[in-house]
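Enquirer: task: produce atomic coordinates for the following.
(one chain, ligands or ions: 1)
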Amino acid sequence: MRFPKVQQIQPVSSTKSGIYIHFPYCLQKCHYCDFYSVGLDEIGGSDFDSRLLEFEASLLAELNHRSRDGAFLEQRYDSIYFGGGTSSLMPAEMVRRILSGLHASLNIDPDAEITLEGNPENFSADYLLSLHQVGINRINSGLQTYNSRFLKDMNRYHNTDSYARLLQSLAECPIPSVGVDLIYGFHGQSFEDFSADLNRVLAYPLQHLSIYSLTVEPETRYARNIRRGSQQAPEEPLQEHIFRRLPDILAQQGFAHYEISNYSQEGHVCRHNWKYWDYRPYLGLGPGAHGFNGAFRYANPRNLVTWSQNPQGTAVESERHDPIIDLFLNLFRITLPISLERIREVWAGEEALCDALDEMQQRLMDGLDLLEAKGMGTLQYGSFQWSPEGLLFLDSNIEKLVQIVSDPQMVR
Ligand code: SF4
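Expert: You can find the predicted model right below:
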């Protein structure tokens, strides 16, 4: 084995905020994908350079607008995440200009984690070097599977050569934290198929792995195809089998399970994503991006044209956060011990909850006691940690907890 077996890992201790940039283009649209993005195969890529410049101008206009919100202006930021879409379609020089705009407008720590995610076809050695030179210090690449049949079924653009080269390029690049995404549970996939993907990845010195079970999001082409009968649903028994086995397999390789789908070497937990799970504020920019200033959430239009026509204040949805549902949906995704003090801290900041604080805490304890009695987790030392069983039924467990805290009659 290359690494000592790990069982536990330190969470991120930062209480600072993050910045998310949503890049709106992909080469083509994967059938399972629910993120907002436009496939270049549908709109034609011939004027892509001018589209990139338009996107950049709109993004900087939105930054100018949102950075005037006192709640965002006063924050200190220690993470920036270029997601999307396929952010690796951006030239490094454009990434540099956007970073320079962010630094000019907001208080960003000099040692901020700056991630760019993208796809294998873009991560050449030269491109990775250029990204390093403009300040990117973390890379995440969607790989999903090496199996061309599954990739083709899902309409995922893939170039076999770039898939073969990716891990070597990541291993040799000067960027200090690199990782990949895998997906499991494709129709027709076996455990051996998945193991072949995993073993290929584990042969390289990666610091982070995101390993998702294939899901059917209702508004996707995949969901429509299943309804029509032209595609088949994911392999659920295989998904459960893999989900149960993965933490141990990866612990043997030095990766700790820290969020439902995320595994990290010590010191490489994704600082940016941790902000969502730890319920910290974050600024979201770009079409389809979400943001949270600590009290209000907003969602930008999932439409490039609508967003770019008026990026200065085009949020179609802006609403006060729900300090039970929103908080639990984020906080209870992590697999490390979940601090009950963090819940109290969020609730104590809500004026409307002040009088009910003790009662809500009691209901929370009742709910967690109930989950523990059912073998779903362990409550100790001021924290709660899911058991493997609890994680397997995470959505229904969180739903139950929300019901109990919202309505004490639900405790049975
Ligand atoms: S490349 Fe990524 S963002 Fe683009 S459609 Fe596929 S999964 Fe979605």
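Enquirer: spell out which parts of the stretch 1-150 of the chain neighbour the ligand.
Expert: 26, 29-30, 33, 35, 37, 84-86, 119, 142 (Cβ under 6 Å from any ligand atom). Just so you know, the C-beta spots here come from the backbone N, C-alpha and C atoms, and that holds for glycine as well.
Enquirer: D126: which element?
Expert: helix 125-134 (DSSP states H and E).
Enquirer: next SSE downstream of that helix?
Expert: By DSSP H and E, the next helix or strand past helix 125-134 is strand 138-144.
Enquirer: got the contact list for the nearest residue to C30 once chain neighbours are set aside?
Expert: Computed as Cβ to Cβ, 6 or more residues apart in numbering, the closest residue to C30 that is not its neighbour in sequence is R156, at 4.6 Å. R156 sits next to 28, 30-31, 144 when contact means Cβ atoms under 8 Å, 6 or more residues apart in numbering.
Enquirer: so where does the residue minimising distance to the centre of the chain fall, helix or strand?
Expert: The residue lying closest to the centre of the chain (Cα atoms, centre = their mean) is N273, at 5.6 Å. Per DSSP H and E, N273 falls inside helix 271-277.
Enquirer: given the helix or strand bottoming out on mean pLDDT in the chain, what are its sheet partners and their directions?
Expert: In the chain, no helix or strand scores lower on mean pLDDT, DSSP states H and E than strand 317-320, which sits at a mean of 77. Sheet pairing of strand 317-320 (DSSP bridges) gives strand 296-299 (antiparallel).
Enquirer: picking that back up, which of the contacts of R156 has the most neighbours?
Expert: Q144 (25 neighbours; other Cβ atoms under 10 Å).
Enquirer: could you find the closest non-adjacent residue to it?
Expert: Here the residue nearest Q144, using Cβ to Cβ, 6+ apart, is I183, at 4.5 Å.
Enquirer: repeat for E240
Expert: Closest to E240 by Cβ to Cβ, 6+ apart is L392, at 6.8 Å.
Enquirer: ditto for R271
Expert: E113 (4.3 Å).
Enquirer: so the one you found bridges to which residues?
Expert: Bridge pairing for E113 - DSSP bridges - gives S79.
Enquirer: quick one: neighbours of it, just the number.
Expert: 23.
Enquirer: what about it, distance to G135?
Expert: 11 Å (Cβ to Cβ, to the nearest Å).
Enquirer: just to revisit the earlier point, so how far is the helix or strand just after the helix holding N273 off the chain centroid?
Expert: Next in sequence after helix 271-277, counting helices and strands by DSSP H and E, comes strand 282-285. Computed by Cα atoms, centre = their mean, to the nearest Å, the chain-centroid distance of strand 282-285 equals 13 Å.
Enquirer: residues in contact with strand 282-285?
Expert: Contacts of strand 282-285 (Cβ under 8 Å, 6+ apart): 17-22, 59, 62-63, 66-67, 72, 75, 77, 106, 275-276, 290-293, 298, 300.
Enquirer: what sits against the residue in the stretch 301-412 of the chain positioned nearest to the ligand?
Expert: Nearest residue of the stretch 301-412 of the chain to the ligand: R302, at 12.7 Å (Cβ to the nearest ligand atom). Counting by Cβ under 8 Å, 6+ apart, R302 touches 36, 287-288.
Enquirer: okay then, goodbye and thanks.
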